[in-house]
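Trainee: Fold the following for me, if possible:
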Amino acid sequence: MNRMIKEELEKEQLKEAVPEFCVGDTLRISTRIIEGEKERVQVVQGTVIARKGSGLSETFSIHRISYGEGMERVFYLHSPRISNIEVVKRGDVRRAKLYYLRGTSGKAAKVKEKMGKRVKNKPPVAKKTLKSESETSVTEKSAPEVVENGAST
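Mentor: Numbers count the residues shown, from 1 in each chain. Reported below is the predicted structural model:
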């Protein structure tokens with residue numbers, strides 16, 4: 001019973017407008033920073049090196065290099081502090097976690113860009129319904145079949 005109540009409360013707090021992104025993608029995250037009475041938006045851009053969890057507690061880690069030093073930051077995906085997430089570049093990687101980027105700098109810290117459109121979880125293809133013989137028209141049945149050399153059968 002308590003589990004059902006907890007799941008309902010979590011569903012209410014989940015964000016609906018979360019873009020689809022994977023490990024290796026470069027993101028631009030706008031976070032709301034509250035300093036005293038003032039509120040401002042800070043933008044962080046970096047490569048996603050890890051994605052963990054599910055539901056309300058799902059997190060992702062961003063890695064970026066600023067002023068020659070590597071920096072990591074962990075964000076809650078459904079946090080109210082995150083105002084916007086924008087996918088800048090799709091990454092072409094073959095690992096689930098990119099922790100090897102931690103000790104790299106310069107060109108070694110780059111991730112190749114994915115060319116083309118990435119589609120995750122494609123919807124199932126609708127099966128074509130076959131027409132029964134009674135539905136096919138008379139012209140379709142009596143049309144002669146043409147072979148490559150031009151002779152008809």
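
Trainee: Check which residues of stretch 69-87 are buried.
Mentor: Phe75, Leu77, His78, Ile82, Ile85, Val87 (16 or more other C-beta atoms under 10 Å). (Each C-beta comes from the backbone N, C-alpha and C, glycine too.)

Trainee: May I have the phi/psi pair for the fourth one?
Mentor: The one in question is Ile82. Ile82 adopts backbone torsions of phi -80, psi 120, taken as degrees, to the nearest 10.

Trainee: Burial check on the closest residue to it other than its chain neighbours, number of neighbours?
Mentor: Once flanking residues are discounted, Ile82 sits nearest to Thr31: 5.7 Å by C-beta to C-beta, 6 or more residues apart in numbering. By the measure other C-beta atoms under 10 Å, the count of residues near Thr31 is 17.

Trainee: Need phi/psi at Thr31.
Mentor: phi -110, psi 150.

Trainee: pLDDT wise, what is it at?
Mentor: Per-residue confidence at Thr31 stands at 94 (pLDDT).

Trainee: Which other helices and strands does the lengthiest strand in the chain contact?
Mentor: Counting residues, the longest strand found in the chain (DSSP state E) is strand 38-52. With contacts taken as 3 or more C-beta pairs under 8 Å, 6 or more residues apart in numbering; DSSP states H and E, strand 38-52 sits against strand 26-35, strand 59-66, strand 69-76.

Trainee: For my notes, please list these in JSON lines and give distance to Leu14 for each entry.
Mentor: Rendered in JSON lines, the data for the helices and strands packed on strand 38-52 read as follows (distance: least, C-beta to C-beta, whole Å):
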{"stretch": "strand 26-35", "distance to Leu14": "18"}
{"stretch": "strand 59-66", "distance to Leu14": "14"}
{"stretch": "strand 69-76", "distance to Leu14": "11"}
